[in-house]
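Novice: Got a predicted model here, sequence first, then my questions.
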Amino acid sequence: MNYKAIIVDDEKELRTYLKSMLAETWPQLEICGEAGNGKEALKMVDAFAPHIVFLDIKMPGLSGLEVAKNIAGICRIVFITAFDQYAVEAFEREAVDYLVKPVTKERLRQTINRLKKQLQSSPEPPADLTRIVTQVLANVQGNKNADQYLQWIKTQHKESVRLIPVEEVDYFQAGDKYTLVITAQGEALIKKSIKELSRELDPQKFWQIHRGTIVNVSRIENVGRSFTGRGILKLKDRSDALTVSRQYLHLFKQM
Amino acid sequence: MHSFKRDFKDNIMMKEQYETKFIFKYWSNIKNDFIDFIYVIMICTALSFVVTIIGPIKNFLVNFVVSQSFGITVAAIVFWSLLIFKPRTWELLLFIVVIDVCCAVLIGLQICIFILQYFFDIVLDLQANGLGLQMIIGGILFSFFGVYFFMTKMRLKYRGQMIDREKTKRTDMEKENLSANLKVLQAQIEPHFLFNTLSNILSLIDTKPETGKSMLLDLTKYLRTSLSRTLPEKTTLTQEIAMIKAYLDIQKIRMNERLNYKIDVPDDLMQHSFPPMLLQPLVENAVKHGLEPKVEGGEIFIRATQENNILKIEVADTGLGFSDLDKPGFGIANVRERIGLLFGEKGRLIIEENNPHGVRATIEMPINEL
């Protein structure tokens, strides 16, 4: 029987290349469609019900893994990747079919032979692919979301919105209504309160030292004691001194 | 925390080691000795004026001779004894200075009596009104004041030097870091980009060999700069733009109609020297974070303008833009750091939201310092 396949890759040349390689190594395979992104791929799977999907992992919009999660039970998937160490390791371990770019003929032939065997022995796709993909996806996203802390401070500047990377902020100081953002370049106002900031900033990099002050740890020069028992914090390359209230002094206890 | 503590300790050790060293260092320079000698004479002259007005003897000549002989004797004895004994601590130094001053004042007294008698025929009556005692006490007090003055003067000068040295040391270190960073930046060629490009070339060799060839040439151009171990400190804007064009042309083949770009740099600005790899990270960011992940793709504008001796180069994209949680990436931090080191306050990197979407990064730098 003749099998049907679709090729999903956001790069047109690479689809053409894989198509020509497949035409040489598996002439009987019918390529019934080519998709340039995840959404198109899902539509084509619906429309053509292919046996095999050649699926690039890195794509705009829906990634290959996200597509795979939806179609793993419907058809067989051969992942294609230029470089995804983590995914490749997982595929290798779980014996999932995958190709690395640039695709070589020998490798493609091996994959095809295996696919042919699998398709002959059982027409149904392996059930545990969904599990594997979900797991890989969770791990990839887990890596990405490992530190979901605020990275940019967006401030209004005349007509435009400026983005300041948090690393550049020396400290945040609470004002009447707004919060003052102090950087080496100057000052800006934001609406976020100190309370919100202390929740959203990376606690490893930013310490609250006072009810109204959050300071960038990497910008601290030294901390001294005042007569009243509070701390006096000096920043690098800045003349202003910040007060560390007693409840936060433990941060600076000598290690 | 650890490092604060260590720095502090280092500082204390430095102080102990060099407590009085700066004095000998300063005085071992003949020029400084001469300047200090002039100071001594000037101070003594000024002192004799003051003493003539408020002191018991109303004869300026007498006061002048007395204060000069006191001053020069004290200065000479303190100077030589310190240079000979080189006391390591302040206590030792004070001890020597006290002995020096007491001896020197007595010797200075003898000298001035001798000079006044021999050259000017003036005899001082030391017994009258305790004049001798007054002179000795006054001499000792003024001598201590003088020694203190010179020590402070040297210490201030030395402290200034120390601060300058620290500063240059710090900038040197920063520069070293920077070149290390630049290497890391260069090493950050994305494997995704590289392998995808190679796959594209492989495909194009069969289908469109001419396009394949030009893509391979572009890749070579890109890698030549990205991988070269030593970058010249300055290239021209022409070279940087050529490298960016090579990169964008590669991406254009990969992304097809999803990527369009426009480069608008006036010819006269093209010839300006420009730090290598300063614009490139911004363009790569625009592609990687802006256009690549966006299904419809978008456009990139690179524009250079000159305004009152400020060169402004803008990289704008119509891509996804940064969400609050997106990491700024190593490239942007590196560009900003380098601008700071190269141009100080006069240069900056501004990142803004582009209208209606995307990011606009602008480098501003003084044109005459390029």
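Specialist: Yep, it's here.

Novice: Grab the nearest non-local neighbour of A:Ala90.
Specialist: A:Val136 (4.7 Å; C-beta to C-beta, 6 or more residues apart in numbering or on different chains). (Glycine included, C-beta is placed from N, CA and C.)

Novice: Contacts only, for the one you found.
Specialist: A:65, A:86-87, A:90-91 (C-beta atoms under 8 Å, 6 or more residues apart in numbering or on different chains).

Novice: Please enumerate residues in contact with stretch B:97-115?
Specialist: B:65-66, B:68-74, B:76-78, B:81-82, B:124, B:126, B:132, B:135-136, B:139-140, B:143-144, B:147.

Novice: buried ones in that stretch?
Specialist: Neighbour-count burial for stretch B:97-115, with 16 or more other C-beta atoms under 10 Å in any protein chain shown as criterion, is recorded at B:97, B:100-101, B:104-105, B:107-109, B:111-113.

Novice: chain center to that stretch: distance?
Specialist: 47 Å (C-alpha atoms, centre = their mean, to the nearest Å).

Novice: Excluding sequence neighbours, find me the nearest residue to A:Tyr17.
Specialist: B:Ser203 (3.2 Å).

Novice: Give me the secondary structure label for that neighbour.
Specialist: The three-state label given to B:Ser203 by DSSP: H, G, I helix; E, B strand; the rest coil is helix.

Novice: That one and A:Thr16 touch, don't they?
Specialist: Yes: counting by C-beta atoms under 8 Å, A:Thr16 is a contact partner of B:Ser203 at 5.9 Å.

Novice: more neighbours, these two?
Specialist: B:Ser203 (25 against 19; other C-beta atoms under 10 Å in any protein chain shown).

Novice: Relative to chain A, how far out is B:Arg170?
Specialist: Counting by C-beta to the nearest C-beta, to the nearest Å, the gap from B:Arg170 to chain A is 10 Å.

Novice: would you say that residue is within a strand?
Specialist: No: checked against three-state DSSP, B:Arg170 lies outside a strand; its state is helix.

Novice: Could you pick out the residues of the stretch 151-255 of chain A near chain B for me?
Specialist: With C-beta under 8 Å from any C-beta of the partner chain as the criterion, the stretch 151-255 of chain A meets chain B at residues A:151-152, A:154, A:157, A:160-165, A:167-168, A:185, A:200, A:220-223, A:252, A:254-255.

Novice: residue contacts, residue 124?
Specialist: All of this refers to chain A. So A:Glu124 contacts nothing (C-beta under 8 Å, 6+ apart).

Novice: meant chain B, my bad for not saying
Specialist: Neighbours of B:Leu124 in contact, by C-beta under 8 Å, 6+ apart: B:62, B:113, B:116, B:131.

Novice: part of a strand, is it?
Specialist: No: counting by three-state DSSP, one finds B:Leu124 to be coil, located in no strand.

Novice: Quick check: pLDDT value at it.
Specialist: pLDDT for B:Leu124: 75.

Novice: go on, B:Val265?
Specialist: If you check B:Val265, the pLDDT there is 95.

Novice: Setting aside sequence neighbours, what's the nearest residue to it?
Specialist: B:Val265's closest residue in space is B:Ala304 (C-beta to C-beta, 6+ apart), at 4.2 Å.

Novice: Could you grab the helix/strand/coil label for that neighbour?
Specialist: Of the three states, B:Ala304 takes strand under three-state DSSP.

Novice: do the same with the one 10 residues further on
Specialist: Going by three-state DSSP, the secondary structure assigned to B:Glu314 is strand.

Novice: which stretches of the stretch 1-150 of chain B aren't confidently modelled?
Specialist: Counting by pLDDT under 70, the ranges of the stretch 1-150 of chain B that qualify are B:1-19.

Novice: if I look at whichever residue of the stretch 101-250 of chain B sits closest to chain A, how far off is A:Val103?
Specialist: In the stretch 101-250 of chain B, the residue that lies nearest chain A is B:Ser203 (3.2 Å; C-beta to the nearest C-beta). Distance, B:Ser203 to A:Val103, by C-beta to C-beta, to the nearest Å: 10 Å.

Novice: Mind listing the shared neighbours of those two?
Specialist: Counting by C-beta under 8 Å, 6+ apart, the shared contacts of B:Ser203 and A:Val103 are A:Tyr17.

Novice: closest point of chain A to chain B, which residue?
Specialist: For chain A, the nearest residue to chain B under the criterion C-beta to the nearest C-beta is A:Tyr17, separated by 3.2 Å.

Novice: Are we agreed that that residue is in a helix?
Specialist: Yes: counting by three-state DSSP, A:Tyr17 is part of a helix.

Novice: Pull the contacting residues for it.
Specialist: A:103, B:199-200, B:202-203, B:206-207.

Novice: Now secondary structure and distance to A:Pro50 too, for these, in JSON lines please.
Specialist: Shown next, in JSON lines, are those (DSSP: H, G, I helix; E, B strand; the rest coil; distance: C-beta to C-beta, whole Å):
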{"residue": "A:Val103", "secondary structure": "coil", "distance to A:Pro50": "19"}
{"residue": "B:Ser199", "secondary structure": "helix", "distance to A:Pro50": "22"}
{"residue": "B:Asn200", "secondary structure": "helix", "distance to A:Pro50": "25"}
{"residue": "B:Leu202", "secondary structure": "helix", "distance to A:Pro50": "25"}
{"residue": "B:Ser203", "secondary structure": "helix", "distance to A:Pro50": "22"}
{"residue": "B:Asp206", "secondary structure": "helix", "distance to A:Pro50": "25"}
{"residue": "B:Thr207", "secondary structure": "helix", "distance to A:Pro50": "24"}
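
Novice: Throw those residues into TSV and include pLDDT, thanks.
Specialist: Converted to TSV, these look like this (pLDDT from 0 to 100):
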residue	pLDDT
A:Val103	91
B:Ser199	92
B:Asn200	93
B:Leu202	91
B:Ser203	91
B:Asp206	89
B:Thr207	90
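
Novice: Any of these buried? List them.
Specialist: If you count burial by 16+ other C-beta under 10 Å, the buried members of those come out as A:103, B:199-200, B:202-203.

Novice: Which member of these is positioned nearest B:Ile350?
Specialist: Set against B:Ile350, the nearest of these by C-beta to C-beta is B:Asn200 (34.3 Å).

Novice: ok, now how distant is the closest one from A:Met21?
Specialist: 14 Å.

Novice: Equivalent analysis for A:Ala41, please.
Specialist: Taking C-beta to C-beta as the criterion, A:Ala41 is separated from A:Met21 by 19 Å.

Novice: out of the two, which sits in the busier spot?
Specialist: A:Ala41 (28 against 20).

Novice: what's the helix or strand for the more buried one?
Specialist: Applying DSSP states H and E as the criterion places A:Ala41 in helix A:38-48.

Novice: Next, the buried residues of that helix.
Specialist: A:38, A:40-42, A:44-45, A:48.

Novice: just stretch B:244-260 next, same as before
Specialist: Buried residues in stretch B:244-260, counted by 16+ other C-beta under 10 Å: B:244-255, B:258-259.

Novice: Kindly report the same for stretch B:285-296.
Specialist: Neighbour count says stretch B:285-296 has B:285-295 buried, by 16+ other C-beta under 10 Å.

Novice: Tell me which residues are up against it.
Specialist: With C-beta under 8 Å, 6+ apart, stretch B:285-296 has contacts from A:37, A:39, A:60-61, B:190, B:247-248, B:251, B:255, B:258-259, B:297-298, B:300, B:315-322, B:326, B:329, B:331-332, B:358-359, B:361.

Novice: any idea what residue 177 is structurally, helix, strand or coil?
Specialist: You didn't say which chain, so I picked chain A. coil.

Novice: try again with chain B
Specialist: B:Asn177 falls in the helix class when you classify it by three-state DSSP.
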